[in-house]
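Peer 1: Everything below, folded, please.
(one chain, ligands or ions: 2)
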Amino acid sequence: MTIIVTGGAGFIGSNFIFFELDRHPEDRIVCLDKLTYAGNLSTLRDVMDRPNFRFIKMDICDREGVFRLFEEEKPDIVVNFAAESHVDRSIEDPGVFLQTNIMGTATLMDACRKYGVGRFHQVSTDEVYGDLPLDRPDLMFTEETPIHTSSPYSSSKAAADLLALAYHRTYGLPVTISRCSNNYGPYHFPEKLIPLMIANALNDKPLPVYGTGENVRDWLYVEDHCRAIDLIIRKGRVGEVYNVGGHNEMRNIDIVKLICHALGKPESLITFVTDRKGHDMRYAIDPTKIHSELGWLPETKFADGIQKTIDWYLTHRDWWEEIISGEYQNYYEKMYANR
Ligand code: NAD
Ligand code: TYD
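Peer 2: Residues are numbered from 1 along each chain as shown. Ligands and ions are numbered 1, 2, ... in the order given. Next up, the predicted model:
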């Protein structure tokens, strides 16, 4: 089989490529990525020369280019990770989120229709459900929870999900959607909570916690997410949405304290800063459907996953130091100075 993986130079897409090449060496993987600020070719260095791997620098909104690639590769499956993915950036500048996350997804699905692709999988997020209150731990997102978004990012992802379901119903496109909770692990771009806190702590810089730090996220080790997507594309039912999450709810402040302890850094580095606009309070996924239909369960416990992740950032300083030494400095200054 040939699988086109879009956004494969980013965090989850690259981990998915490593997972697929390892578990399904008989398949061919074609990675299509625009290499935005979040995409890193160095991440894919180890697989670049594999005979069953091809990288192509391309924008998923480039209709002609995408159609040409599909004509050439005749993919069996397309897995769409390509997206603008950071909530804070979407608050500053929503336009590119609408372009890539909505128009780009539509362009890929048009190409899937034209070339009769057997499966289009949209990698979505639990953020399309909005948030849950802190005082109702009994509530969790199911696939039936209404879409109710808070940020331009989550709204653009929700729009793409609705389009994907519409392409299924209207054109019969064989679509599946996964909505996963927050991922963590290797190659996570250091603008996101966990890698940002690890990098700052290692550099003895302040650890900027938004608001009171009581917001809750449901963390899943990235490899568990990759395994879920692998199962869905091979065994999932078309036209279906699958929630993916590991029942691992944690408050931001507790994660940041844990990182301080693990690195032997003082909690006095923690600095409470102005809250994110429209900040979602709590996410929590009910993964019953993917468990009962596909037998998926998370395999990595948070205590092990976070230790592996911290170790990875300690042993791959060159990867993230190169990132934070460039354009990232301007971003950091803009988002965090005087906050
Ligand atoms: P990321 O920002 O690390 O990577 C995104 C990748 O997409 C980058 O390589 C970037 O170059 C590429 N890209 C961006 N715009 C593109 C375009 N127009 N054309 C081609 N490539 C483009 O993101 P991530 O954290 O790996 O997330 C991947 C997907 O998973 C996203 O769709 C995101 O919404 C979803 N998701 C992420 C999480 C999470 O915790 N990170 C959780 C659930 C779902
Ligand atoms: P993030 O990693 O941006 O993921 P998401 O917003 O998609 O959940 O943020 C995770 C949580 O951490 C979120 O509640 C916002 C918070 N946060 C901080 O407190 N400080 C930071 O510097 C960042 C980047 C996030």
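
Peer 1: Name the surrounding residues that touch the helix or strand hosting residue 291.
Peer 2: Element membership for residue 291 (DSSP states H and E) is helix 288-294. The contact list for helix 288-294, computed with Cβ atoms under 8 Å, 6 or more residues apart in numbering, reads 142-143, 228, 231-232, 235-237, 242-244, 296-297. (Glycine included, C-beta is placed from N, CA and C.)

Peer 1: so, in contact with ligand 1 or not, the helix or strand following it?
Peer 2: Next helix or strand after helix 288-294 toward the C-terminus (DSSP H and E): helix 302-315. No: Helix 302-315 is not in contact with ligand 1 by Cβ under 6 Å from any ligand atom; minimum separation 12.6 Å.

Peer 1: residues touching the closest residue to residue 63 other than its chain neighbours, list them.
Peer 2: Among residues not flanking residue 63 along the chain, residue 107 sits closest, at 5.3 Å (Cβ to Cβ, 6 or more residues apart in numbering). Going by Cβ under 8 Å, 6+ apart, residue 107 touches 60-63, 66.

Peer 1: Put together a markdown table for those, with secondary structure, neighbour count and pLDDT on each row.
Peer 2: Formatted as a markdown table, the contacts of residue 107 follow (DSSP: H, G, I helix; E, B strand; the rest coil; neighbours: other Cβ atoms under 10 Å; pLDDT from 0 to 100):
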| residue | secondary structure | neighbour count | pLDDT |
| --- | --- | --- | --- |
| 60 | coil | 26 | 98 |
| 61 | coil | 19 | 98 |
| 62 | coil | 15 | 98 |
| 63 | helix | 16 | 98 |
| 66 | helix | 24 | 98 |
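
Peer 1: Quick check: residues of the chain near ligand 1?
Peer 2: 6-7, 9-13, 33-36, 38-39, 59-61, 81-85, 100, 104, 123, 125, 157, 180, 182-183, 189.

Peer 1: Inside strands: which ones of the residues you listed?
Peer 2: In strands, defined here by DSSP state E, the members of those are 6, 33, 123, 125, 180, 183.

Peer 1: Residue 65: what secondary structure?
Peer 2: Following DSSP: H, G, I helix; E, B strand; the rest coil, residue 65 is assigned to helix.

Peer 1: ok, and the closest non-adjacent residue to it?
Peer 2: residue 58 (4.9 Å).

Peer 1: need the contact list for the one you found.
Peer 2: By Cβ under 8 Å, 6+ apart, the neighbours of residue 58 are 32-34, 65-66, 69.

Peer 1: Distance to residue 222 for these - can I get that in JSON lines?
Peer 2: Putting the contacts of residue 58 into JSON lines (distance: Cβ to Cβ, whole Å) gives the following:
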{"residue": "32", "distance to residue 222": "20"}
{"residue": "33", "distance to residue 222": "17"}
{"residue": "34", "distance to residue 222": "21"}
{"residue": "65", "distance to residue 222": "28"}
{"residue": "66", "distance to residue 222": "26"}
{"residue": "69", "distance to residue 222": "26"}
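
Peer 1: Of the residues you listed - the most surrounded one?
Peer 2: residue 32 (30 neighbours; other Cβ atoms under 10 Å).

Peer 1: Distance check, that one against residue 58.
Peer 2: 5 Å (Cβ to Cβ, to the nearest Å).

Peer 1: next one: residue 105
Peer 2: For residue 105, the distance to residue 58 - Cβ to Cβ - is 15 Å.

Peer 1: Now for the residue of the stretch 1-150 of the chain found nearest ligand 1, how many residues are close by?
Peer 2: Nearest residue of the stretch 1-150 of the chain to ligand 1 (Cβ to the nearest ligand atom) works out as residue 10 at 2.0 Å. The tally of other residues near residue 10 (other Cβ under 10 Å) stands at 24.

Peer 1: And it, how close does it get to residue 85?
Peer 2: 7 Å.

Peer 1: Which residues are in contact with each of the two?
Peer 2: residue 38.

Peer 1: Appreciated, that's everything.
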